[in-house]
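# Only the shape, not the letters, is given here:
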Ligand SMILES: Cc1ncc(COP(=O)(O)O)c(C=O)c1O
(Lines give C-alpha, C1' and ligand atoms only; values in the text may rest on other atoms or scores of the structure.)
Protein backbone atom coordinates (compact mmCIF):
# COMPACT_ATOMS: atom_id res chain seq x y z
CA UNK A 1 0.00 0.00 0.00
CA UNK A 2 2.98 2.32 0.64
CA UNK A 3 4.25 1.66 -2.88
CA UNK A 4 0.74 2.36 -4.21
CA UNK A 5 0.57 5.69 -2.36
CA UNK A 6 3.94 6.67 -3.81
CA UNK A 7 2.93 5.54 -7.33
CA UNK A 8 -0.30 7.52 -7.14
CA UNK A 9 1.62 10.61 -6.05
CA UNK A 10 3.95 10.20 -9.03
CA UNK A 11 0.94 9.75 -11.30
CA UNK A 12 -0.63 12.92 -9.92
CA UNK A 13 2.63 14.68 -10.74
CA UNK A 14 2.23 13.66 -14.38
CA UNK A 15 4.29 10.45 -14.59
CA UNK A 16 2.91 7.56 -16.67
CA UNK A 17 2.59 4.66 -14.23
CA UNK A 18 1.77 1.00 -14.87
CA UNK A 19 0.38 -0.28 -11.56
CA UNK A 20 1.61 -3.70 -10.54
CA UNK A 21 1.68 -3.18 -6.80
CA UNK A 22 -1.78 -4.25 -5.57
CA UNK A 23 -4.40 -6.65 -6.88
CA UNK A 24 -6.58 -4.02 -8.52
CA UNK A 25 -8.44 -4.78 -11.74
CA UNK A 26 -7.54 -2.38 -14.55
CA UNK A 27 -11.17 -1.77 -15.44
CA UNK A 28 -13.92 0.10 -13.66
CA UNK A 29 -16.93 -1.79 -12.25
CA UNK A 30 -19.24 -2.90 -15.10
CA UNK A 31 -22.11 -0.54 -15.87
CA UNK A 32 -25.05 -2.80 -14.82
CA UNK A 33 -23.49 -3.22 -11.36
CA UNK A 34 -22.89 0.52 -11.03
CA UNK A 35 -26.47 1.23 -12.14
CA UNK A 36 -27.83 -1.22 -9.57
CA UNK A 37 -25.79 0.53 -6.88
CA UNK A 38 -27.12 3.94 -7.94
CA UNK A 39 -30.68 2.60 -8.05
CA UNK A 40 -30.24 1.23 -4.53
CA UNK A 41 -29.06 4.59 -3.24
CA UNK A 42 -31.94 6.42 -4.96
CA UNK A 43 -34.41 3.90 -3.56
CA UNK A 44 -33.19 4.71 -0.07
CA UNK A 45 -31.31 1.46 0.57
CA UNK A 46 -28.95 3.27 2.89
CA UNK A 47 -29.67 1.53 6.18
CA UNK A 48 -28.03 -1.45 7.82
CA UNK A 49 -28.80 -4.87 6.41
CA UNK A 50 -28.87 -7.96 8.65
CA UNK A 51 -25.37 -8.71 9.92
CA UNK A 52 -24.97 -11.73 7.64
CA UNK A 53 -26.17 -9.78 4.60
CA UNK A 54 -29.31 -9.30 2.51
CA UNK A 55 -31.17 -12.62 2.42
CA UNK A 56 -31.57 -12.34 -1.37
CA UNK A 57 -27.83 -11.83 -1.81
CA UNK A 58 -27.01 -14.80 0.43
CA UNK A 59 -29.42 -16.79 -1.67
CA UNK A 60 -27.85 -15.51 -4.90
CA UNK A 61 -24.37 -16.49 -3.69
CA UNK A 62 -25.66 -19.97 -2.84
CA UNK A 63 -27.13 -20.04 -6.36
CA UNK A 64 -23.75 -19.10 -7.79
CA UNK A 65 -22.19 -22.24 -6.28
CA UNK A 66 -24.97 -24.39 -7.68
CA UNK A 67 -24.86 -22.91 -11.17
CA UNK A 68 -21.12 -22.35 -11.49
CA UNK A 69 -19.68 -25.26 -9.54
CA UNK A 70 -22.54 -27.72 -9.22
CA UNK A 71 -22.25 -27.55 -5.43
CA UNK A 72 -25.39 -27.18 -3.37
CA UNK A 73 -24.81 -24.70 -0.58
CA UNK A 74 -27.54 -23.59 1.82
CA UNK A 75 -28.03 -19.82 1.79
CA UNK A 76 -27.92 -20.04 5.59
CA UNK A 77 -24.25 -20.98 5.33
CA UNK A 78 -23.35 -17.76 3.51
CA UNK A 79 -22.20 -14.61 5.33
CA UNK A 80 -21.77 -11.42 3.32
CA UNK A 81 -18.80 -9.43 4.58
CA UNK A 82 -16.90 -6.20 3.92
CA UNK A 83 -14.55 -7.74 1.36
CA UNK A 84 -12.67 -11.01 1.71
CA UNK A 85 -10.74 -9.07 4.36
CA UNK A 86 -13.85 -8.91 6.56
CA UNK A 87 -14.46 -12.61 5.94
CA UNK A 88 -10.89 -13.59 6.85
CA UNK A 89 -11.07 -11.60 10.06
CA UNK A 90 -14.40 -13.18 11.05
CA UNK A 91 -13.12 -16.65 10.24
CA UNK A 92 -9.99 -16.19 12.36
CA UNK A 93 -12.09 -14.85 15.24
CA UNK A 94 -14.64 -17.66 14.99
CA UNK A 95 -12.19 -20.54 14.67
CA UNK A 96 -9.11 -19.78 16.71
CA UNK A 97 -8.52 -19.13 20.39
CA UNK A 98 -5.64 -17.06 21.77
CA UNK A 99 -2.37 -18.95 21.43
CA UNK A 100 -3.62 -21.30 18.71
CA UNK A 101 -1.84 -21.48 15.38
CA UNK A 102 -2.87 -21.53 11.73
CA UNK A 103 -0.49 -22.68 9.01
CA UNK A 104 0.05 -20.26 6.09
CA UNK A 105 2.14 -20.48 2.93
CA UNK A 106 5.20 -18.23 3.00
CA UNK A 107 5.31 -16.27 0.74
CA UNK A 108 1.58 -15.65 0.97
CA UNK A 109 -0.98 -12.89 1.38
CA UNK A 110 0.69 -10.83 4.11
CA UNK A 111 -2.51 -9.67 5.86
CA UNK A 112 -3.42 -13.22 6.93
CA UNK A 113 -0.91 -13.39 9.76
CA UNK A 114 -2.14 -10.00 10.97
CA UNK A 115 -5.75 -11.19 11.00
CA UNK A 116 -4.59 -14.11 13.16
CA UNK A 117 -2.66 -11.77 15.43
CA UNK A 118 -5.67 -9.49 15.87
CA UNK A 119 -7.51 -12.37 17.55
CA UNK A 120 -4.40 -13.32 19.56
CA UNK A 121 -3.83 -16.43 17.49
CA UNK A 122 -0.69 -16.86 15.38
CA UNK A 123 -0.13 -17.36 11.67
CA UNK A 124 2.78 -19.75 11.20
CA UNK A 125 4.48 -19.30 7.83
CA UNK A 126 5.54 -22.55 6.14
CA UNK A 127 8.27 -21.84 3.55
CA UNK A 128 7.09 -22.87 0.08
CA UNK A 129 8.96 -22.79 -3.20
CA UNK A 130 8.83 -23.88 -6.82
CA UNK A 131 8.98 -27.56 -5.84
CA UNK A 132 5.42 -27.32 -4.46
CA UNK A 133 4.21 -24.63 -6.84
CA UNK A 134 4.57 -22.04 -4.04
CA UNK A 135 1.64 -23.65 -2.26
CA UNK A 136 1.15 -25.81 0.82
CA UNK A 137 0.86 -29.55 0.27
CA UNK A 138 -0.60 -32.29 2.44
CA UNK A 139 2.92 -33.43 3.20
CA UNK A 140 3.95 -29.93 4.37
CA UNK A 141 0.81 -29.65 6.48
CA UNK A 142 1.53 -32.99 8.17
CA UNK A 143 5.17 -32.05 8.74
CA UNK A 144 4.45 -28.62 10.24
CA UNK A 145 1.34 -29.49 12.27
CA UNK A 146 2.25 -28.79 15.88
CA UNK A 147 0.54 -29.19 19.25
CA UNK A 148 -1.11 -25.76 18.98
CA UNK A 149 -2.01 -25.92 15.28
CA UNK A 150 -5.76 -25.70 14.70
CA UNK A 151 -6.03 -24.97 11.02
CA UNK A 152 -4.60 -24.27 7.59
CA UNK A 153 -5.34 -21.28 5.39
CA UNK A 154 -4.55 -21.49 1.69
CA UNK A 155 -5.32 -19.11 -1.14
CA UNK A 156 -6.23 -20.89 -4.36
CA UNK A 157 -4.94 -19.43 -6.67
CA UNK A 158 -2.26 -18.09 -4.39
CA UNK A 159 -1.03 -14.61 -3.74
CA UNK A 160 1.61 -13.50 -4.77
CA UNK A 161 2.35 -16.24 -7.31
CA UNK A 162 -1.08 -17.03 -8.78
CA UNK A 163 -0.37 -20.74 -8.69
CA UNK A 164 -3.25 -23.21 -8.31
CA UNK A 165 -3.34 -26.15 -5.90
CA UNK A 166 -4.25 -29.25 -7.93
CA UNK A 167 -7.69 -30.56 -6.94
CA UNK A 168 -6.31 -33.88 -5.70
CA UNK A 169 -3.68 -32.10 -3.57
CA UNK A 170 -6.31 -29.83 -2.01
CA UNK A 171 -8.42 -32.87 -1.22
CA UNK A 172 -5.34 -34.45 0.42
CA UNK A 173 -4.73 -31.28 2.48
CA UNK A 174 -8.38 -31.39 3.52
CA UNK A 175 -8.03 -35.02 4.58
CA UNK A 176 -4.85 -34.26 6.55
CA UNK A 177 -6.49 -31.31 8.34
CA UNK A 178 -9.66 -33.25 9.03
CA UNK A 179 -7.69 -36.20 10.44
CA UNK A 180 -6.16 -33.77 12.95
CA UNK A 181 -9.49 -32.24 13.89
CA UNK A 182 -8.51 -28.88 12.40
CA UNK A 183 -10.04 -26.34 10.04
CA UNK A 184 -9.27 -25.85 6.38
CA UNK A 185 -9.87 -22.31 5.12
CA UNK A 186 -9.64 -21.73 1.37
CA UNK A 187 -9.47 -18.18 0.03
CA UNK A 188 -10.84 -18.33 -3.53
CA UNK A 189 -10.73 -14.62 -4.27
CA UNK A 190 -8.83 -15.27 -7.55
CA UNK A 191 -10.67 -18.47 -8.42
CA UNK A 192 -12.68 -16.98 -11.31
CA UNK A 193 -9.43 -15.69 -12.81
CA UNK A 194 -8.04 -19.13 -13.60
CA UNK A 195 -7.55 -19.43 -17.33
CA UNK A 196 -7.45 -22.56 -19.44
CA UNK A 197 -8.63 -24.90 -16.69
CA UNK A 198 -11.85 -25.57 -14.91
CA UNK A 199 -10.95 -25.87 -11.24
CA UNK A 200 -13.60 -27.00 -8.75
CA UNK A 201 -14.41 -24.83 -5.75
CA UNK A 202 -13.29 -26.10 -2.37
CA UNK A 203 -16.94 -25.76 -1.36
CA UNK A 204 -17.41 -29.16 -3.01
CA UNK A 205 -14.98 -30.82 -0.60
CA UNK A 206 -17.47 -30.75 2.25
CA UNK A 207 -19.40 -28.51 4.58
CA UNK A 208 -16.54 -28.40 7.03
CA UNK A 209 -14.33 -26.41 4.62
CA UNK A 210 -14.54 -22.65 5.19
CA UNK A 211 -14.46 -20.85 1.85
CA UNK A 212 -13.72 -17.14 1.46
CA UNK A 213 -14.44 -15.14 -1.68
CA UNK A 214 -15.01 -11.58 -2.78
CA UNK A 215 -16.62 -9.33 -5.35
CA UNK A 216 -13.35 -7.36 -5.48
CA UNK A 217 -11.38 -8.99 -8.27
CA UNK A 218 -13.50 -10.90 -10.79
CA UNK A 219 -16.45 -8.52 -10.50
CA UNK A 220 -14.13 -5.49 -10.46
CA UNK A 221 -15.57 -4.15 -7.21
CA UNK A 222 -12.51 -3.59 -5.00
CA UNK A 223 -13.75 -0.23 -3.73
CA UNK A 224 -17.27 -1.45 -2.93
CA UNK A 225 -15.89 -3.57 -0.09
CA UNK A 226 -17.91 -6.70 -0.47
CA UNK A 227 -17.03 -10.35 -0.01
CA UNK A 228 -18.45 -13.48 1.56
CA UNK A 229 -17.67 -16.67 3.36
CA UNK A 230 -19.18 -20.14 3.51
CA UNK A 231 -18.99 -21.87 6.85
CA UNK A 232 -20.62 -24.92 8.47
CA UNK A 233 -24.18 -24.18 9.56
CA UNK A 234 -23.42 -24.59 13.25
CA UNK A 235 -20.84 -21.76 13.12
CA UNK A 236 -23.19 -19.19 11.61
CA UNK A 237 -24.64 -17.95 14.91
CA UNK A 238 -21.14 -17.23 16.22
CA UNK A 239 -20.16 -15.57 12.95
CA UNK A 240 -23.30 -13.45 13.06
CA UNK A 241 -22.53 -12.25 16.59
CA UNK A 242 -18.96 -11.44 15.61
CA UNK A 243 -20.10 -9.55 12.49
CA UNK A 244 -22.60 -7.54 14.55
CA UNK A 245 -19.85 -6.51 16.92
CA UNK A 246 -17.04 -5.90 14.46
CA UNK A 247 -18.76 -4.13 11.57
CA UNK A 248 -22.56 -4.50 11.99
CA UNK A 249 -23.07 -5.34 8.31
CA UNK A 250 -21.45 -5.04 4.88
CA UNK A 251 -22.23 -1.87 2.87
CA UNK A 252 -25.88 -1.85 1.83
CA UNK A 253 -25.69 -0.22 -1.66
CA UNK A 254 -22.80 -2.56 -2.51
CA UNK A 255 -24.95 -5.57 -1.59
CA UNK A 256 -27.71 -4.40 -3.92
CA UNK A 257 -25.15 -3.84 -6.67
CA UNK A 258 -23.75 -7.32 -6.09
CA UNK A 259 -27.17 -8.77 -6.86
CA UNK A 260 -26.74 -7.37 -10.36
CA UNK A 261 -23.23 -8.85 -10.50
CA UNK A 262 -24.60 -12.32 -9.84
CA UNK A 263 -27.51 -11.86 -12.20
CA UNK A 264 -30.08 -12.36 -9.43
CA UNK A 265 -29.37 -16.03 -9.07
CA UNK A 266 -31.48 -17.87 -6.59
CA UNK A 267 -30.72 -20.40 -3.96
CA UNK A 268 -29.76 -23.70 -5.46
CA UNK A 269 -32.39 -25.61 -7.21
CA UNK A 270 -31.13 -29.13 -6.88
CA UNK A 271 -32.24 -30.10 -10.29
CA UNK A 272 -30.53 -27.16 -12.00
CA UNK A 273 -27.37 -27.73 -9.97
CA UNK A 274 -27.30 -31.27 -11.20
CA UNK A 275 -27.96 -30.28 -14.79
CA UNK A 276 -25.25 -27.65 -14.68
CA UNK A 277 -22.61 -29.96 -13.40
CA UNK A 278 -20.25 -30.01 -16.31
CA UNK A 279 -19.77 -33.56 -17.43
CA UNK A 280 -23.35 -34.68 -17.74
CA UNK A 281 -25.42 -36.95 -15.57
CA UNK A 282 -24.40 -37.16 -11.99
CA UNK A 283 -24.61 -39.37 -8.98
CA UNK A 284 -23.55 -38.97 -5.41
CA UNK A 285 -19.85 -39.59 -4.86
CA UNK A 286 -19.31 -41.36 -1.59
CA UNK A 287 -15.58 -40.66 -1.68
CA UNK A 288 -15.75 -36.90 -1.87
CA UNK A 289 -19.28 -36.26 -0.64
CA UNK A 290 -20.34 -34.40 -3.75
CA UNK A 291 -22.33 -34.80 -6.91
CA UNK A 292 -20.17 -35.92 -9.77
CA UNK A 293 -20.11 -37.89 -12.97
CA UNK A 294 -16.49 -38.81 -12.55
CA UNK A 295 -15.57 -37.30 -9.26
CA UNK A 296 -13.56 -34.12 -9.72
CA UNK A 297 -11.79 -34.48 -6.41
CA UNK A 298 -10.89 -38.11 -6.12
CA UNK A 299 -11.16 -38.91 -9.87
CA UNK A 300 -12.91 -42.14 -9.03
CA UNK A 301 -16.21 -43.23 -10.43
CA UNK A 302 -18.82 -42.25 -7.89
CA UNK A 303 -21.00 -44.72 -6.11
CA UNK A 304 -24.65 -44.49 -6.99
CA UNK A 305 -26.03 -44.46 -3.49
CA UNK A 306 -26.14 -41.68 -0.95
CA UNK A 307 -23.69 -41.76 1.96
CA UNK A 308 -25.31 -42.87 5.18
CA UNK A 309 -25.13 -39.38 6.69
CA UNK A 310 -27.47 -38.06 4.01
CA UNK A 311 -29.39 -41.22 3.25
CA UNK A 312 -32.63 -39.68 4.36
CA UNK A 313 -32.92 -36.22 2.82
CA UNK A 314 -33.09 -33.60 5.56
CA UNK A 315 -36.12 -31.36 5.48
CA UNK A 316 -35.31 -28.06 3.83
CA UNK A 317 -36.54 -24.86 5.46
CA UNK A 318 -38.73 -22.86 5.51
CA UNK A 319 -41.06 -25.46 4.02
CA UNK A 320 -40.46 -28.46 1.84
CA UNK A 321 -40.87 -27.90 -1.87
CA UNK A 322 -44.15 -29.31 -2.96
CA UNK A 323 -44.53 -29.80 -6.63
CA UNK A 324 -48.19 -30.27 -7.15
CA UNK A 325 -48.53 -27.94 -10.05
CA UNK A 326 -50.14 -30.14 -12.58
CA UNK A 327 -49.58 -32.74 -15.22
CA UNK A 328 -46.55 -31.07 -16.80
CA UNK A 329 -44.46 -31.34 -13.67
CA UNK A 330 -45.82 -34.81 -12.88
CA UNK A 331 -44.85 -36.11 -16.29
CA UNK A 332 -41.40 -34.54 -16.00
CA UNK A 333 -41.00 -36.18 -12.63
CA UNK A 334 -42.03 -39.50 -14.08
CA UNK A 335 -39.52 -39.07 -16.92
CA UNK A 336 -36.72 -38.36 -14.47
CA UNK A 337 -37.69 -41.24 -12.32
CA UNK A 338 -37.73 -43.52 -15.37
CA UNK A 339 -34.27 -42.28 -16.39
CA UNK A 340 -32.63 -42.53 -12.98
CA UNK A 341 -34.42 -45.53 -11.56
CA UNK A 342 -36.59 -45.70 -8.47
CA UNK A 343 -33.81 -46.17 -5.92
CA UNK A 344 -31.85 -43.15 -7.17
CA UNK A 345 -34.86 -40.86 -7.01
CA UNK A 346 -36.05 -42.05 -3.66
CA UNK A 347 -32.62 -41.77 -2.03
CA UNK A 348 -31.75 -38.45 -3.63
CA UNK A 349 -32.36 -35.06 -2.09
CA UNK A 350 -32.84 -33.73 -5.64
CA UNK A 351 -36.51 -33.21 -6.05
CA UNK A 352 -37.81 -32.41 -9.47
CA UNK A 353 -39.74 -29.18 -9.27
CA UNK A 354 -41.80 -27.41 -11.85
CA UNK A 355 -40.97 -23.87 -12.91
CA UNK A 356 -44.06 -22.56 -11.14
CA UNK A 357 -43.06 -24.34 -8.01
CA UNK A 358 -39.53 -22.96 -8.18
CA UNK A 359 -40.90 -19.44 -8.53
CA UNK A 360 -43.13 -19.87 -5.51
CA UNK A 361 -40.45 -21.45 -3.38
CA UNK A 362 -36.92 -20.35 -4.29
CA UNK A 363 -35.94 -22.40 -1.30
CA UNK A 364 -32.83 -23.56 0.45
CA UNK A 365 -31.19 -26.86 -0.34
CA UNK A 366 -31.07 -29.51 2.33
CA UNK A 367 -28.13 -29.35 4.70
CA UNK A 368 -26.44 -32.29 6.28
CA UNK A 369 -24.17 -32.69 9.27
CA UNK A 370 -20.43 -32.18 8.95
CA UNK A 371 -18.90 -35.60 8.79
C1 LIG B 1 -5.43 -13.51 -1.43
C2 LIG B 1 -6.22 -12.32 -1.02
N3 LIG B 1 -7.20 -12.48 -0.12
C4 LIG B 1 -7.95 -11.43 0.29
C5 LIG B 1 -7.75 -10.16 -0.23
C6 LIG B 1 -8.63 -9.04 0.24
O7 LIG B 1 -9.54 -8.68 -0.73
P8 LIG B 1 -10.84 -7.81 -0.48
O9 LIG B 1 -10.91 -7.47 0.95
O10 LIG B 1 -10.70 -6.61 -1.38
O11 LIG B 1 -12.00 -8.64 -0.91
C12 LIG B 1 -6.75 -9.96 -1.20
C13 LIG B 1 -6.53 -8.63 -1.77
O14 LIG B 1 -5.69 -8.39 -2.59
C15 LIG B 1 -5.98 -11.07 -1.60
O16 LIG B 1 -5.01 -10.95 -2.52
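Looks like it arrived, so ask away. On a predicted model such as this, the values are computed, not experimentally measured, just so you know.
# for the record, mean pLDDT for stretch 124-134?
For stretch 124-134, mean pLDDT rounds to 98.
# which secondary structure element contains residue 113?
Residue 113 belongs to helix 111-118 when assigned by DSSP states H and E.
# quick one: contacts of that helix?
The contact list for helix 111-118, computed with Cβ atoms under 8 Å, 6 or more residues apart in numbering, reads 85, 88-89, 92-93, 96, 102, 104, 122-123, 125, 153. In short, each C-beta sits where N, CA and C put it, glycine included.
# Distance from the chain centre to it, please.
21 Å (Cα atoms, centre = their mean, to the nearest Å).
# go on, stretch 12-20?
How far stretch 12-20 lies from its chain's middle: 35 Å, per Cα atoms, centre = their mean.
# Not counting sequence-adjacent ones, nearest residue to residue 30?
residue 220 (6.4 Å; Cβ to Cβ, 6 or more residues apart in numbering).
# I figured that neighbour hits residue 24, correct?
No: look at residue 220 against residue 24 with Cβ atoms under 8 Å: they stay out of range, at 9.1 Å.
# The residue nearest to residue 30 - that's part of a helix, no?
No: counting by DSSP: H, G, I helix; E, B strand; the rest coil, residue 220 is not part of a helix but coil.
# Can you name the residues of the stretch 101-250 of the chain that neighbour the ligand?
Residues of the stretch 101-250 of the chain lying close to the ligand by Cβ under 6 Å from any ligand atom are 109, 155, 159, 187, 189, 214, 216, 222, 227.
# Make JSON lines out of these and add pLDDT.
Shown next, in JSON lines, are those (pLDDT from 0 to 100):
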{"residue": "109", "pLDDT": "96"}
{"residue": "155", "pLDDT": "98"}
{"residue": "159", "pLDDT": "95"}
{"residue": "187", "pLDDT": "98"}
{"residue": "189", "pLDDT": "97"}
{"residue": "214", "pLDDT": "98"}
{"residue": "216", "pLDDT": "96"}
{"residue": "222", "pLDDT": "96"}
{"residue": "227", "pLDDT": "98"}
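# now, which of the residues you listed sits nearest residue 20?
Closest to residue 20 out of these is residue 159 (13.3 Å), distances taken as Cβ to Cβ.
# Any regions of this structure where pLDDT drops low?
For the chain, the stretches flagged by pLDDT under 70 are 264-371.
# so where do the helices sit in it?
2-12, 31-42, 55-64, 83-95, 111-118, 138-144, 167-179, 236-246, 252-261, 270-276, 327-340, 342-347, 355-360 (DSSP state H).
# could you list every residue that touches the residue nearest in space to the middle of the chain?
Nearest residue to the geometric centre of the chain (Cα atoms, centre = their mean): residue 211, 4.4 Å. Applying Cβ under 8 Å, 6+ apart, we find residue 211 in contact with 185-186, 188, 201-203, 229-230.
# Could you pick out which of those residues are located in strands?
185-186, 229-230 (DSSP state E).
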